[in-house]
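> fold the following.
(one chain, ligands or ions: 1)
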Amino acid sequence: MHAELAQRVMSAEEAAALIQPGSQIGMSGFTGSGYPKAVPMALARRITDAHLRGQHFKVNIFTGASTGPELDGALAMVGGMQLRLPYQSDPITRKLINAGEMQYMDIHLSHVAQFVEYGFLGKMDLALIEVTAILEDGRVIPSTSIGNNQTWIECADKVILEVNSSQPMALEGMHDLYYGLGKPPHRDPIPITLPNQRIGTPYLQIPPEKVIAIVHTDVPDRSSAFKAPDENSKRIAGHILEFLAWEVKKGRLPENLLPLQSGVGNIANAVLYGLEEGPFEGMTAYTEVIQDGLINLMKTGKLLSASATAFSLSPDGVQSIMPHIGEYHDKIVLRSQEISNHPGIIRRLGVIAMNGMIEADIYGNVNSTHVMGSSIMNGIGGSGDFARNGFMSIFMAPSLAQKGSISTLVPMVSHVDHTEHDVSVVVTEQGLADLRGLSPTQRAKLIIETCSHPDYRPALRDYFNRAERLSYGKHTPHLLTESLNWHARYLRTGHMLPDKC
Ligand code: COA
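Numbers count the residues shown, from 1 in each chain. Alright, predicted model coming up:
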């Protein structure tokens, strides 16, 4: 290790003692990968002690995206977070947010770094970053995610590094840090024209004088397991594969498709498994996370390369893939999330965006984040970055949730993340609706007849038919006193349909 930095090695407790109440901290971490583990746990213990003494101690936590139980879980459990952004998926944190006990800002992932650089989100006091190693000359090998790490390091007054020896040294060279986009009007084009193109350096740039502590850990990333693809997921994947094959046949997509983006969740992973069996060869990915499914596609030789900002492997994947990660050196590029999710590059490459959803309405508006309009699930993540700017955007979900008491196709979504203007395709296990080139009423008929579950289809038809007759305007017919009744009824009775209550 760099001689000057070696003098700042200390325990997690000593490092946590350097963190002041009220601090705004940029931490590493993206979909359960590369997040600091020892210092957040020590900080949680310090916060508990402070609370026992009757002292107020909370911090604001910014990350790349979701982390793991040692970070979000530990800090949420002790009530240590005042504000969290831009994405999380921790159950305890979710509970506190939905109970109104902590603040949460759900932000497009491509926006976060620039919002901090522009000064929209206040001053960054500290960067707490997990890294794989610090080399003798001071160069720093990033960990299994990059996220906003370089921005946190640049913008924060001080830096704490967690050097995690459980992360494989073979990660060296896999990252591509391209930093310093500048502020408008002084922004230049980002020179990426191919998904796996390298335009930066593999190392994080850290001014040694900013580093106040270095903590050694050996705790592996703790990501959550994927459910094995069930019948519905397989059917959704089947519809998407058939659709993509049709688009190739029509000459609207090349035979090796366009770069794929695949979101988080079990269905997204099932689609990747489906592509293993599909006919497409020579594929690439320009996406946010490298899931098990993408690695398996690489193993088959069908996926040539993938660009992302993080790994998001299941526990089995961490065990089986990480020790051999060096084999994927020439195939995987990990970038900062403002580059992996950059709207301009996504538009230039023509990415096919595939993301999960909570619900869609008959006109194609999509809710990715809120249950019953008010309770956040995870966050928008990068789905908006990719959906609005991609070559086409596909949103997928089973047609039913919660044992059939909820239809994921509703008259009006209870929260909008992706408007009708950003949604090309809606797909459920029932079928796929290609919404491109259709007016609102044409879209409604197609979504109802193709995607909705037969148990809910008559009620959707009834709503739409009456809306067509009685609505104030006939362009996007709605009955405003009824459009959210399904959600209200579910909250009142436990079922969206009146005759099932
Ligand atoms: N109403 C209420 N609950 C619903 C629902 C609805 N319309 N649709 C799904 N749910 C519930 C499910 O019942 C399930 O609950 P459970 O955990 O109690 O079983 C939970 O939401 C997850 O649903 P599941 O079908 O397993 O979906 P998933 O794992 O594919 O995740 C999202 C779906 C929408 C939550 C997930 O894709 C997400 O967070 N998306 C937003 C971020 C994003 O797209 N990022 C990608 C950019 S790279």
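> give me the mean pLDDT for the helix or strand hosting Asp462.
Using DSSP states H and E, Asp462 sits within helix 457-470. Across helix 457-470, the average pLDDT comes to 98.
> which positions within it qualify as buried?
By 16 or more other C-beta atoms under 10 Å, the buried positions in helix 457-470 come out as Arg457, Ala459, Leu460, Arg461, Tyr463, Phe464, Ala467. (Each C-beta comes from the backbone N, C-alpha and C, glycine too.)
> can I get these in CSV with distance to the ligand?
Listed next are those as CSV, based on distance: C-beta to the nearest ligand atom, whole Å:
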residue, distance to the ligand
Arg457, 16
Ala459, 15
Leu460, 14
Arg461, 19
Tyr463, 17
Phe464, 19
Ala467, 21
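> related to what we said a few turns ago, so what secondary structure elements neighbour the helix holding Asp462?
helix 440-451 (3 or more C-beta pairs under 8 Å, 6 or more residues apart in numbering; DSSP states H and E).
> run through who's touching the helix it packs on.
For helix 440-451, contacts defined as C-beta atoms under 8 Å, 6 or more residues apart in numbering pick out 360, 362-364, 399, 409, 420, 426-428, 430-435, 438, 457, 460-461, 464, 468, 474-477.
> just those residues: which are in helices?
Arg457, Leu460, Arg461, Phe464, Glu468 (DSSP state H).
> Ile107: which of these is nearest?
Checking these against Ile107 with C-beta to C-beta, the nearest one is Leu460 at 32.7 Å.
> tally of neighbours for the residue nearest to the closest one when sequence neighbours are not counted?
Spatial nearest neighbour of Leu460, excluding adjacent residues (C-beta to C-beta, 6 or more residues apart in numbering): Ile448 at 4.6 Å. Counted with other C-beta atoms under 10 Å, the neighbours of Ile448 add up to 22.
> separation between Ile448 and Glu255?
33 Å (C-beta to C-beta, to the nearest Å).
> check Val140 too.
41 Å.
> what about those two, which has more around it?
Val140 (25 against 12).
> quick one: contacts of the helix holding Asp462?
By C-beta under 8 Å, 6+ apart, helix 457-470 touches 362, 407, 409, 411, 441, 444-445, 448-449, 452, 474, 477-479, 482, 497.
> ok and the residue in the stretch 351-500 of the chain nearest the ligand?
Per C-beta to the nearest ligand atom, Gly356 is where the stretch 351-500 of the chain lies closest to the ligand, at 2.6 Å.
> ok, the stretch 151-300 of the chain next?
Here the residue of the stretch 151-300 of the chain nearest the ligand is Gly265; by C-beta to the nearest ligand atom that distance is 2.6 Å.
> quick one, phi psi at that residue?
phi 110, psi 170 (degrees, to the nearest 10).
> could you shift the numbering so residue one becomes 9, and keep it that way?
Got it, first residue is 9 now, which makes that one Gly273.
> number of residues surrounding the closest residue in space to it that isn't next to it in sequence?
Counting by C-beta to C-beta, 6+ apart, Gly273 lies nearest to Gly364, which is 4.0 Å off, once chain neighbours are set aside. Per other C-beta under 10 Å, the neighbour tally for Gly364 reads 24.
> my understanding was that Gly364 contacts Ala278; is that so?
No. Applying C-beta atoms under 8 Å as the test, Gly364 and Ala278 come out as separate, 10.3 Å apart.
> what parts of the stretch 359-508 of the chain come near the ligand?
Proximity of the stretch 359-508 of the chain to the ligand, by C-beta under 6 Å from any ligand atom, involves residues 363-367, 376, 379, 385-386, 388-391, 405-406, 409-410, 414, 416.
> buried only: go through these for me.
For those, a burial check counting by 16+ other C-beta under 10 Å picks out 363-367, 376, 379, 386, 388-391, 405-406, 414, 416.
> show only the entries of these found in helices.
Per DSSP H, those map to helices at Ser391.
> so of the buried ones among the residues of the stretch 359-508 of the chain next to the ligand, which ones are in strands?
Among these, DSSP state E puts Asn363, Gly364, Glu367, Val379, Ile414 in strands.
> can you put the residues you listed in TSV and add distance to Cys163 and pLDDT?
Below are those laid out as TSV (distance: C-beta to C-beta, whole Å; pLDDT from 0 to 100):
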residue	distance to Cys163	pLDDT
Asn363	29	96
Gly364	32	95
Glu367	37	98
Val379	34	98
Ile414	42	98
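> let's have those in a markdown table, adding distance to Glu255.
Formatted as a markdown table, those follow (distance: C-beta to C-beta, whole Å):
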| residue | distance to Glu255 |
| --- | --- |
| Asn363 | 18 |
| Gly364 | 21 |
| Glu367 | 25 |
| Val379 | 33 |
| Ile414 | 31 |
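> what's the most distant pair in these?
Using C-beta to C-beta, these span at most 19.0 Å, a distance reached by Asn363 and Ile414.
> hang on, Leu488 in a helix?
No. Assigned with DSSP: H, G, I helix; E, B strand; the rest coil, Leu488 falls outside any helix and is coil.
> ramachandran angles for the residue nearest to Ile303 when sequence neighbours are not counted?
Excluding the flanking residues, the one nearest Ile303 by C-beta to C-beta, 6+ apart is Ile329, at 5.4 Å. Dihedral pair for Ile329: phi -90, psi -40, per degrees, to the nearest 10.
> tell me how far Ile329 lies from the ligand.
If you measure Ile329 against the ligand using C-beta to the nearest ligand atom, to the nearest Å, the figure is 19 Å.
> I'd guessed that residue sits against Asp300; true?
Yes. Using C-beta under 8 Å, Ile329 makes contact with Asp300 at a distance of 7.2 Å.
> and the longest strand for this protein?
As assigned by DSSP E, the longest strand anywhere in the chain is strand 134-142.
> now for that one, which elements pack on it?
Partner elements for strand 134-142 (3+ C-beta pairs under 8 Å, 6+ apart): strand 32-35, strand 148-150, helix 157-163, strand 166-172.
> now do the second one, average pLDDT.
pLDDT averaged over strand 148-150 equals 98, rounded to a whole number.
> pull the distance from it to the chain's centre.
Counting by C-alpha atoms, centre = their mean, to the nearest Å, strand 148-150 is centred 22 Å from the centre of its parent chain.
> Met35 pairs with what?
Leu136 (DSSP bridges).
> typo on my end, it should be Asn172
For Asn172, the beta-bridge partners are Thr225 (DSSP bridges).
> thinking it is in contact with Ile222, fair?
No. At 11.5 Å, Asn172 does not count as touching Ile222 under the criterion of C-beta under 8 Å.
> tally of neighbours for the nearest residue to Ile149 once chain neighbours are set aside?
Distances taken as C-beta to C-beta, 6+ apart put Thr140 closest to Ile149, at 4.3 Å, once the chain neighbours are dropped. Using other C-beta under 10 Å, Thr140 has 22 neighbouring residues.
> mind listing what Thr140 touches?
Ile149, Pro150, Ser151, Val171, Asn172, Gln175, Pro176, Met177, Leu179, Glu180.
> what about 10 Å?
With contact set as C-beta atoms under 10 Å, 6 or more residues apart in numbering, Thr140 has these partners: 42, 148-152, 171-180, 182-183.
> cool, Val431 as well?
361, 363, 365, 368, 371-374, 395-396, 400-403, 441, 443-444, 451.
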